[in-house]
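Visitor: With the input below, show me the fold.
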Amino acid sequence: MIFDSKTERVLRYIELGGFGPGYGVALTPDKQRLYIPLGVPAQSAVAVVDAKTLTIIANIVDTDLLGPRVVRFINY
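Guide: Purely as a prediction, here's the structure:
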């Protein structure tokens, strides 16, 4: 769902490829992509979305994710 925080209105829904509900959003430091953790029941995955077009670039599926709820970017 695309939500306008100023007007508190839903602007649009994004289909996440049938992988389950989204549990938050992390924007890459360059503001080019959104990473949306997708949990169970469908699969443990993370959707990668183009921030400008709001289209899915990839779904990262890995059974070791175990129902992710957050994505963080850290500097090494």
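Visitor: In the protein, which residue is most central in space?
Guide: Closest to where the C-alpha atoms of the chain average out (Cα atoms, centre = their mean) is Ile36, at 1.5 Å.
Visitor: doesn't Glu15 make contact with it?
Guide: No: with contact defined as Cβ atoms under 8 Å, Ile36 does not reach Glu15; the gap is 11.7 Å. The way it works is simple: take the backbone N, C-alpha and C, and place the C-beta from them, glycine included.
Visitor: part of a strand, is Asp64?
Guide: No: Asp64: not assigned to a strand; according to DSSP: H, G, I helix; E, B strand; the rest coil it is helix.
Visitor: Asp30 versus that one, what's the distance?
Guide: 27 Å (Cβ to Cβ, to the nearest Å).
Visitor: for Thr53, same thing?
Guide: Thr53 is 15 Å from Asp30, by Cβ to Cβ.
Visitor: which residues of the protein fall in helices?
Guide: Assigned by DSSP state H, the chain shows no helices.
Visitor: Report the residue spans of it with pLDDT below the cut-off.
Guide: Applying pLDDT under 70 to the chain picks out residues 1, 17-20, 39-43, 63, 66-70, 72-73, 75-76.
Visitor: redo that, cut-off 50
Guide: 76 (pLDDT under 50).
Visitor: Looks like Lys31 contacts Asp50 (just checking).
Guide: No: using Cβ under 8 Å, Lys31 makes no contact with Asp50, being 11.1 Å away.
Visitor: So for these two, which sits in the more crowded spot?
Guide: Asp50 (12 against 9; other Cβ atoms under 10 Å).
Visitor: Contacts only, for the nearest residue to the more buried one once chain neighbours are set aside.
Guide: Distances taken as Cβ to Cβ, 6 or more residues apart in numbering put Ile57 closest to Asp50, at 5.5 Å, once the chain neighbours are dropped. By Cβ atoms under 8 Å, 6 or more residues apart in numbering, Ile57 lies in contact with Arg33, Val48, Val49, Asp50.
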